[in-house]
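Chemist: Below are the sequence and a predicted model for it; my questions follow.
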Amino acid sequence: MRTLYVAEYPAIQHRHDNGDVVTVRLKRREGGFRATCEGCETEFIYRKPAPSPIAHFKSPLLPPIKGNWDGGDDDH
Ligand SMILES: [Zn+2]
């Protein structure tokens, strides 16, 4: 039995070697969502998509001054 981590929920579609597209549904089990496919002996474990490696937060080099980010609001 091999293990595959997936980021889809609640159903996993995958293809078998014979070309069949098989759908398995994840079920809550042991603190996570899992599905087992007997056909290809694979256990699918749901894992939340990893956070983007690119930082989206504001630059720490700039001071957090209010009004610095909401453009068009110069009425302070
Ligand atoms: Zn399968």
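Modeler: Nice, thanks for sending it over.

Chemist: measure stretch 23-30 end to end?
Modeler: Distance between the two ends of stretch 23-30: 21 Å, counting by Cα to Cα, to the nearest Å.

Chemist: go on, stretch 44-53?
Modeler: Note: stretch 44-53 ends 24 Å apart using Cα to Cα.

Chemist: Make 55 the first number, not 1, from now on.
Modeler: All set: I'll call the first residue 55, so the last point we hit is now stretch 98-107.

Chemist: what's next to that stretch, contact-wise?
Modeler: Stretch 98-107 is contacted from outside by 57-63, 66, 68, 78, 80, 86-91, using Cβ atoms under 8 Å, 6 or more residues apart in numbering. To be clear about C-beta, it is placed using only N, CA and C from the backbone, and glycine gets the same treatment.

Chemist: mind running it again at 7 Å?
Modeler: Under the criterion Cβ atoms under 7 Å, 6 or more residues apart in numbering, residues 57-61, 63, 66, 78, 80, 86-89 lie in contact with stretch 98-107.

Chemist: Give the buried subset of the residues you listed as a ChimeraX selection command.
Modeler: Entered in ChimeraX, the line below selects the buried ones among the contacts of stretch 98-107, by 16 or more other Cβ atoms under 10 Å:
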select :60,66,78,80,87,88,89
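
Chemist: Please consider this matter closed, and thank you.
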